[in-house]
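K.L.:
structure of the sequence below:
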Amino acid sequence: MIVLRKGLNITQLKIIALIFMIIDHICFFFPFLDIPIWFRYIGRLSLPIFIFAITEGYYYTKDKKKYITRLLISSIIMFIINYIINLIMPRPDGFILKNNIFATLFFIVFYIYCMDNINLNRKNLKCLLYLLMFLLTLPITFFIEAGTVFIFLGVFMYYSRNKRYLQIFIYCCFSILFLNSYQIYMIFAAPLFYLYNGQKGKGLKYLFYVFYPVHIYIFYIISYFILKGVN
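P.N.:
Numbering: from 1, shown residues only. Next comes the predicted model:
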């Protein structure tokens, strides 16, 4: 892995991603306020950075099962809260609250875990168990935020983490697939991956776990009352 003595650590990358995410969601939740579309362009950098960070975090964590479980529980809790909010506070414009990046990040690390165990247990029945878990859960990924392609992007980023130039090159090629969509702007996250210095930073372990759902629900509730007042 290419490591720069100077550069950005994981904590700094996460904070940058949080800022990009907020900018994106201002436009996403309040389209009726005629917010510039370039807010969404900037937001395309957020998810790839979080995916990059989650693969690094998973690699270095001492308890991988706990790491996976924490993401699974967070995704389930957010799914339940989303359902309740959509039920009791439906937006007049028909907007449905589906945001749940925890599910996407969970499947990334879950599949990495499965693939590692398939490789480690090729000569016994455990290999078949993990392969079955992989295949049975795969259809679910078509219905979660970002979808299957970004989950496999995360898996690729994990296994190419020691070949940073190759990782960045393939990432850029992947981004170009979205040439006819503003998702193409995700390509500008590539320089940030190169600037990663291999360090964790201060951590701020639970910042994202708390900030992500809280800001989603605040934005949604504000947008709900604005639209309700207009109508």
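K.L.:
how far away is F169 from I184?
P.N.:
16 Å (Cβ to Cβ, to the nearest Å). From N, CA and C alone the C-beta is placed, and that goes for glycine too.
K.L.:
ends of stretch 50-68, how far apart?
P.N.:
Distance across stretch 50-68, first residue to last, is 15 Å (Cα to Cα, to the nearest Å).
K.L.:
please disregard the earlier target; I meant stretch 187-197.
P.N.:
19 Å.
K.L.:
test my guess that Q183 contacts R44.
P.N.:
Yes - proximity of Q183 to R44 meets the contact threshold set by Cβ atoms under 8 Å, at 5.6 Å.
K.L.:
what pLDDT does the residue nearest to Y182 when sequence neighbours are not counted get?
P.N.:
Of all residues not flanking Y182 in the chain, Y41 sits nearest, at 5.5 Å (Cβ to Cβ, 6 or more residues apart in numbering). The predicted structure scores Y41 at 97 on the pLDDT scale.
K.L.:
give the buried residues for the strand or helix carrying Y41.
P.N.:
Secondary-structure element containing Y41, defined by DSSP states H and E: helix 38-43. Counting neighbours by 16 or more other Cβ atoms under 10 Å, one finds that the buried residues in helix 38-43 are F39, R40, Y41, I42, G43.
K.L.:
repeat for stretch 171-183
P.N.:
Within stretch 171-183, the residues that qualify as buried by neighbour count (16+ other Cβ under 10 Å) are Y171, F174, S175, Q183.
K.L.:
in this structure, which spans are helices?
P.N.:
Per DSSP state H, the chain has helices spanning 10-29, 38-43, 46-60, 64-88, 101-120, 126-137, 148-159, 164-176, 190-194, 207-230. These are given in chain order.
K.L.:
nearest to K200, out of these?
P.N.:
helix 10-29 (5.3 Å; Cβ to Cβ).
K.L.:
any weak-confidence spans in the chain?
P.N.:
Low-confidence regions of the chain, defined by pLDDT under 70, span residues 1-5, 230-231.
K.L.:
can you pull the contacts of I108?
P.N.:
For I108, the residues meeting the contact criterion (Cβ atoms under 8 Å, 6 or more residues apart in numbering) are I51, I54, T55, Y58, I151, G154, V155, Y158.
K.L.:
quick check, nearest of the residues you listed to F188?
P.N.:
For F188, the nearest member of those is I51. The distance, counting by Cβ to Cβ, is 14.8 Å.
K.L.:
the closest one and G229, how far apart?
P.N.:
As defined by Cβ to Cβ, I51 lies at a distance of 37 Å from G229.
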